[in-house]
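[1] I'll drop the sequence and a predicted model, then ask my questions.
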Amino acid sequence: MSRFDPFERPRSARPSVWAILLPLLFICGAVLLILWWLGVFRGHGPVHDPNAQPRVVTPAGDLAGDEKSTIELFKNASPSVVYITTVAVARDRLTLDLREIPRGTGSGFVWDNEGHIVTNYHVIEGVVRDLIRGAPVAKVTLADGSTWTGHFTGAAPDYDLAVLKIDAPKERLSAIPIGTSADLQVGQKAFAIGNPFGLDQTLTTGVISALGREIKSESNRAISGVIQTDAAINPGNSGGPLLDSYGRLIGVNTAIISPSGAYAGIGFAIPVDTVNEVVPQLIRTGVAKASRPDLGVTFVPEQQARRVFGLRQGLLILDVKMGSGAAQAGLRPTRRNTDGDLVPGDVVLTIDNQELRSRADVEQIIGKHKAGDTVTLRVQRGDEAVDVQVALDSA
């Protein structure tokens, strides 16, 4: 029996955990029930309607005229466009068998019902350097999905053009309609079909942004008369056709200007008049010796000539190619004097009495001639207008 200690402190009783939690849970539940009853949480959970049905489709109006034209153009032209996968042949180390290895992709189009396929030289360049004519270099997939072996026929690196040959039946081949680039105008519609990033049968639309551009070929030679377009051209579009609103070939898509390597609004196409001269030569002999006429001069861009020199008519000569007919005729380029000031060169007003408004006019006029022909230029030289005879060179 313990003794009573009057100074002993009473021991505090420790309540159980449930004794604390149960009242709290009861209070929380009551609060939530009251809030639900008041509508605070009503309608925030998933509410299902077993009678839900698909929405009624709003009837569409008739397609616009330009939409119909574009749809029809694609239906007619897309069967001519092909998907090209270049291949390299390597020997398997284990079986010693030869096998094909895919190397790259690009676009092309059917030239004729004999199975000739046109594309860019740079699309197949990596696999043709060491091959002989007739060797397989690519797999060519037609619009119907069938794939055929593409044999090398010929190439023109100076024009970034090449021709392959497939042995497909004629009924599977749809030759692309051929147009002309001599009468193209800035602002007219342009359509590109190709396989950007491997996405086959892709249509992009735009306009012809400029004419008479000059780009470097795979052999580092200048290709003149190039078409500039804002129709989207991306990696994989190379070798595909650029079409006019009639669905005719007006160029072969070949290059873009882009800091990122993707579409940036500026693409280039080799003009069809050049293609139509080079491709038959590649089919006949495997090589091209095109003799496109060339005036032998380059011009200051029209807007810059107006802004810097106040030019109101004609085209201002920027440079004259050494040894050209223009140089021999004494045409004068724009230059800087000893004080560093710009001195304008000759201004070409007409060629064969035809007035010049843009570089495209020059291409159109001289395109009717051949290398070696002589044309008459009326040039403004200072305060004097003079006539100059110029022999056209071979581009």
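    Great, that's in hand. Residues are numbered from 1 along each chain as shown.
[2] buried residues in the strand ranked longest in the chain, which are they?
    Counting residues, the longest strand in the chain under DSSP state E turns out to be strand 202-216. Using 16 or more other Cβ atoms under 10 Å as the burial criterion, the residues of strand 202-216 that qualify are T202, L203, T204, T205, G206, I208, S209, A210, L211, G212, R213, I215. Placement of C-beta: from N, CA and C, glycine included.
[3] pLDDT weak spots in the protein?
    Under the criterion pLDDT under 70, the flagged ranges of the chain are 1-19, 35-46, 87-103, 129-136, 257-264, 290-291, 395.
[4] for it, what spans make up the helices?
    Here the chain has its helices, by DSSP state H, at 17-38, 65-77, 121-128, 272-285, 302-309, 325-328, 359-366.
[5] now the ones you listed as a markdown table including mean neighbour count?
    A markdown table is the format used below for the helices of the chain (neighbours: other Cβ atoms under 10 Å):
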| stretch | mean neighbour count |
| --- | --- |
| helix 17-38 | 10 |
| helix 65-77 | 14 |
| helix 121-128 | 21 |
| helix 272-285 | 19 |
| helix 302-309 | 14 |
| helix 325-328 | 20 |
| helix 359-366 | 21 |
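[6] pipe the ones you listed into a markdown table and attach distance to G154 per row.
    Putting those into a markdown table (distance: least, Cβ to Cβ, whole Å) gives the following:
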| stretch | distance to G154 |
| --- | --- |
| helix 17-38 | 82 |
| helix 65-77 | 25 |
| helix 121-128 | 10 |
| helix 272-285 | 3 |
| helix 302-309 | 37 |
| helix 325-328 | 30 |
| helix 359-366 | 26 |
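[7] out of these, nearest to G145?
    For G145, the closest of the helices of the chain is helix 65-77, at 16.5 Å, according to Cβ to Cβ.
[8] which elements pack onto the closest one?
    The criterion is 3 or more Cβ pairs under 8 Å, 6 or more residues apart in numbering; DSSP states H and E, and the helices and strands that helix 65-77 contacts are strand 189-194, strand 202-216, strand 241-243.
[9] which stretch among these comes nearest L377?
    Nearest to L377, of all these, is strand 202-216, at 16.4 Å by Cβ to Cβ.
[10] name every strand pairing with that closest one and say which way it goes.
    For strand 202-216, the pairing partners within the sheet under DSSP bridges are strand 189-194 (antiparallel), strand 222-229 (antiparallel).
[11] so what touches the first one?
    Outside strand 189-194, the residues that touch it by Cβ atoms under 8 Å, 6 or more residues apart in numbering are 70, 73-74, 77-78, 81, 107, 201-208, 227, 229, 231-233, 236-245, 247, 250, 253, 267.
[12] what angle separates that strand from helix 65-77?
    With axes from the mean of the first three to the mean of the last three Cα atoms, to 10 degrees as the criterion, the two stretches strand 189-194 and helix 65-77 enclose an angle of 40 degrees.
[13] try the last one
    Counting by the same axes, to 10 degrees, strand 222-229 lies at 130 degrees to helix 65-77.
[14] picking that back up, to P301, which of the helices and strands packed on helix 65-77 lies closest?
    With distances scored as Cβ to Cβ, the stretch of those nearest to P301 is strand 202-216 (9.1 Å).
[15] distance of S181 relative to L203?
    Taken as Cβ to Cβ, to the nearest Å, the spacing of S181 relative to L203 amounts to 21 Å.
[16] nope, L22 is what I meant
    Distance of L22 to L203, given as Cβ to Cβ: 72 Å.
[17] could you chop the protein up by domain?
    Structural domains of the chain, as assigned by automatic domain parsing, span the residue ranges 79-172, 189-285, 293-394.
[18] let's have the ones you listed in TSV, adding distance to P54.
    Below are the domains of the chain laid out as TSV (distance: least, Cβ to Cβ, whole Å):
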stretch	distance to P54
domain 79-172	33
domain 189-285	30
domain 293-394	53
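[19] can you tell me which of these is most buried?
    Among the domains of the chain, judged by mean count of other Cβ atoms under 10 Å, the one packed with the most neighbours on average is domain 189-285 (a mean of 20).
[20] end-to-end on that domain?
    Between the start and the finish of domain 189-285 there is a gap of 35 Å, counting by Cα to Cα, to the nearest Å.
[21] next, N51: phi, psi?
    Dihedral pair for N51: phi -100, psi 10, per degrees, to the nearest 10.
[22] tally of neighbours for it?
    Using other Cβ atoms under 10 Å, N51 has 5 neighbouring residues.
[23] what about it, distance to N120?
    Using Cβ to Cβ, we find N51 at a distance of 59 Å from N120.
[24] what does I223 give?
    Relative to N120, I223 is positioned 11 Å away (Cβ to Cβ).
[25] need the residues touching each of these two.
    The overlap between the contact sets of I223 and N120 (Cβ under 8 Å, 6+ apart) consists of D160.
[26] D387 is in contact with R381, isn't it?
    No. Contact status for D387 versus R381: not in contact, 10.8 Å apart, counting by Cβ atoms under 8 Å.
[27] tell me where the stretch 51-200 of the chain has strands.
    81-91, 98-110, 116-119, 136-141, 147-156, 161-165, 189-194 (DSSP state E, counting those that start in this stretch).
[28] which of the ones you listed sits closest to I176?
    Each of the strands of the stretch 51-200 of the chain was checked against I176 via Cβ to Cβ, and the shortest separation belongs to strand 98-110, namely 4.9 Å.
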